[in-house]
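Visitor: one predicted model, sequence on top.
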Amino acid sequence: MSEVKNVLSLHGISKFFPGVKALDNVSFDIRPGEVHALVGENGAGKSTLMKILAGLYNPDQGNIIHQDKHVKIRNPLEARTRGILLIHQELSLSPELSVAENIYLGAWPTNFFGVLKKRKLNKDSLIALSAMGCDFGPKVRVGSLSIAKRQMVEIARAQAFNANVVIFDEPTASLTDTEKEQLFNTIRELKARDVGIVYISHKMDEIFEIADRITVLRDGTVQGTVHTKDTNINLITKMMIGRELNTFFTRANSEIGSEVLRVEKLCRKGEFENVSFSIKSGEVLGLYGLIGAGRSEVAETIFGVRKADSGKIAWMEKEINFPTPRQAIDMGLCLAPESRKEQGLVLNMSGKNNVTLPHLVKYSNYTVMDWRRELATFEKYREVLDIKTTGADQEVVQLSGGNQQKFVLAKWLCNEPDLLILDEPTRGIDVGSKSAIHALIAGLAEQGLAVIVISSEMPEVLGVSHRILTMSEGRLNGEFSGMEMTESNLINAVSQHLEQTA
C-alpha cells in the first residue's frame, strides 16, 4: 500500500435543503488503497455527501482537497475527469445504448466536425472491459445485460477514466451471493492499484468483511471514524442510531385464524409452475429464494399485474377469477413491490398524494378532493410509521430510502387490507428502519392481517416468519415451520433443487 496520505479530503462540509440541514460541518477523508465505509441511518446524509463528491450537488460551506489541491467539483463530468466516480444504487446507465456508449457517456470521442469516432470508442472500451475481466463486448446493448453485468459496465468507467476514487452506493442490493463475491474481488483489485474506495451499505456483514475504516453519520453530522478491526457491529449500530438495538427481528405473537388466500397449481410459462400454498389471518408467511427464483412474479400474478396461464385462486375460501390490481385492492389484497422507486411511488408527487393515490374515490365526491381528510390520513401514517418529512407537500424524491419505503407501506395500510404482500420490504434501508418495519409486520399480524414477506435476506425471513416456503427456478421446493426453520434447511432446499435442475 502507498504511504498513508489522503487522496481526497473534505473539511467542514455543510449542505442545506428547504426545511432541512442535510450535512453539518462534515469532515471525511479517503486514503489510496483503502476501503472506507460510510454508514448511517436513512436520512443521515450519506448520499448527499457522496453526491457533493460526484459533482451532483455543490456544498454550501466547506472545502474539498483532491490530490493535495483545493478543488471545486461543479458537475459529474468534472468529477469523472478528476478520477472521482460514483456508482449509484440505481445504476445510471442508458439501457438502449451500447456498453461502449455508456462507459464514455458525456465524453464520446469525436473528430473536428463533431462526428463520433466509433472505432476508437469501441477500442478504448474493450481495453477497460478486458481489464475488468468482463465476458461481454463493447457493442452489446446494456439493456440486454443482467444487473451484475450492468454494474460491471459502471465499474469499467473507473478503468476508462483512470479513477483514483470510486464510490459504491449500496452495490450489492440486487446481486446474488456469487455476484457479490465477484464485486468484492473487483474492489480488492482496485484497492491493490491504490484506488481509494468509499463503500456505502446497510449490510453490516459486508462492511466488516471489506472495509478498513468506518465513518458513521447521524443526522448530518459525523459521529466518529474507527478502524474496522477495533470495533464491532453493536458499537457501530449504537453510533448510528444513538442507542443499542436489542433486537433486529420481531416475530408476531399472533393468533392464527381462518384462511385468507389459497393458490393451487398456479402457472405462468417461463416464470413459475405448479405453485400451491395458503395463508391464514394473523400469519406471517416467508417466501425465500435466490434472485430470479420467480417469487416476485408469483406475487404480481396473485395481485393481477401478470396473468396466470392456469391454476386457481381462492379468496376467503371462495374461488375467484384472476383479479386485476383494482379488484385485488378492493378485495383487501395489497402488494408493496420490490422496487419502490420504479413501481411503488410517483417520485415527483408529494408524500400525501402518494398515500392516497390508489384510493382517490375514498377521498373525493367524484369531482373535488376532500383535502382535509387526505391530510388527516397523511398525518396519521406519518406518526404511526415515524416518517421523517418536512410536511405533506414534500416530494418523496427528496426523502431517504427508508422514508420512501414507509410511504409505500402507508399507501396500502390506509386501505386496511386483509392480506399484505411485502416484496423485499427492507432492501436498501438502515438497521434502525429495518427493525421498525419488522416490528410493524409483527404488529399487523397481531391485528389479524395475513402478511407474505418475500426476502433474499435469510436472517430476515427466519426472524419474522411463522412459516417459510422456499422457491427455486420457478418452483416451490420446501416448507418449514417451528424448529425446522434453520439456515441449513433453507440453503439445502434451494441448493438441492438447483443441483437437480442443472
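Guide: Thanks, I have it.

Visitor: and the residue nearest in space to the middle of the chain, how close does it get to Glu457?
Guide: Most central in the chain under C-alpha atoms, centre = their mean is Gly428, positioned 3.4 Å from the mean C-alpha point. Distance from Gly428 to Glu457, counting by C-beta to C-beta, to the nearest Å: 11 Å. In this view, the C-beta of every residue, glycine as well, is placed from N, C-alpha and C.

Visitor: picking up where we left off before, ok so the residue nearest to the centre of the chain is a helix residue?
Guide: No - counting by DSSP: H, G, I helix; E, B strand; the rest coil, Gly428 is not found in a helix; it is coil.

Visitor: okay, now Thr110: neighbour count?
Guide: By other C-beta atoms under 10 Å, 12 other residues sit near Thr110.

Visitor: where in the protein is pLDDT low?
Guide: Filtered on pLDDT under 70, the chain yields the residue ranges 1-4, 19, 89-91, 174, 176, 242-249, 291, 430, 496-502.

Visitor: can you give the domain ranges for it?
Guide: Domains of the chain are assigned by automatic domain parsing as 8-241, 254-332+418-502, 341-416.

Visitor: quick one: distance of the second one to the chain centre.
Guide: I take that to be domain 254-332+418-502. Its chain's C-alpha centre and that of domain 254-332+418-502 lie 19 Å apart, by C-alpha atoms, centre = their mean, to the nearest Å.

Visitor: Lys380 versus Gly83, what's the distance?
Guide: For Gly83, the distance to Lys380 - C-beta to C-beta - is 49 Å.

Visitor: neighbour-wise, which of the two wins?
Guide: Between Gly83 and Lys380, Gly83 has the larger neighbour count (other C-beta under 10 Å), namely 19 against 14.

Visitor: pretty sure that one sits against Val165.
Guide: Yes - applying C-beta atoms under 8 Å, one finds Gly83 in contact with Val165, separated by 6.3 Å.

Visitor: quick one: the strands in the stretch 401-502 of the chain, in order.
Guide: 419-423, 450-455, 467-472, 475-481 (DSSP state E, counting those that start in this stretch).

Visitor: ok, which of those strands comes nearest Leu10?
Guide: When these are compared by C-beta to C-beta, strand 450-455 sits nearest Leu10, at 35.4 Å.

Visitor: who are the packing partners of that closest one?
Guide: Strand 450-455 sits against strand 272-280, strand 284-288, helix 295-303, strand 419-423, helix 431-446, helix 458-464, with contacts defined as 3 or more C-beta pairs under 8 Å, 6 or more residues apart in numbering; DSSP states H and E.

Visitor: contacts for the fourth one next, please.
Guide: This means strand 419-423. By C-beta atoms under 8 Å, 6 or more residues apart in numbering, the surrounding residues in contact with strand 419-423 are 260-261, 279, 295-296, 299, 302-303, 332-338, 409, 412-413, 441, 444, 449-454.

Visitor: again, only using 7 Å
Guide: For strand 419-423, contacts defined as C-beta atoms under 7 Å, 6 or more residues apart in numbering pick out 260-261, 279, 296, 299, 303, 332-338, 412, 444, 449-454.

Visitor: ok, the last one next?
Guide: With contacts defined as C-beta under 7 Å, 6+ apart, helix 458-464 is touched by 248-251, 284, 286, 288, 426, 438, 441-442, 453, 455, 468, 485, 487, 490.

Visitor: buried stuff in it?
Guide: Buried residues in helix 458-464, defined by neighbour count with 16 or more other C-beta atoms under 10 Å: Met458, Glu460, Val461, Leu462, Gly463, Val464.

Visitor: again with the fifth one
Guide: Neighbour counts using 16+ other C-beta under 10 Å place 431-438, 440-442, 444-445 of helix 431-446 among the buried residues.

Visitor: for it, which helices and strands make contact with it?
Guide: Here helix 431-446 touches helix 233-241, strand 450-455, helix 458-464, going by 3 or more C-beta pairs under 7 Å, 6 or more residues apart in numbering; DSSP states H and E.

Visitor: pretty sure the residue nearest to the centre of the chain is touching Gly401, no?
Guide: Yes - Gly428 lies in contact with Gly401 (C-beta atoms under 7 Å); the separation is 4.8 Å.

Visitor: before we move on, the earlier item: show me the contacts for the residue nearest to the centre of the chain.
Guide: Gln89, Glu170, Ala173, His202, Gly401.

Visitor: ranking the residues you listed by neighbours, who comes first?
Guide: That'd be His202 among the contacts of Gly428, by other C-beta under 10 Å, with 25 neighbours.

Visitor: next one: the helix or strand Ser47 falls within to chain centre, how far?
Guide: Ser47 is part of helix 46-53 when elements are defined by DSSP states H and E. In terms of C-alpha atoms, centre = their mean, the centre of helix 46-53 is found 17 Å from the chain centre.

Visitor: counting contacts, what elements does it pack onto?
Guide: Where contact means 3+ C-beta pairs under 7 Å, 6+ apart, helix 46-53 is packed against strand 8-17, strand 20-30, strand 165-169, strand 196-200.

Visitor: these: which one's closest to His227?
Guide: Distance to His227, taken as C-beta to C-beta, is lowest for strand 20-30 among those, at 13.6 Å.

Visitor: so for stretch 93-107, what gets flagged as buried?
Guide: Of the residues in stretch 93-107, Leu93, Ser98, Val99, Ala100, Glu101, Asn102, Ile103, Tyr104, Leu105 count as buried by neighbour count, 16+ other C-beta under 10 Å.
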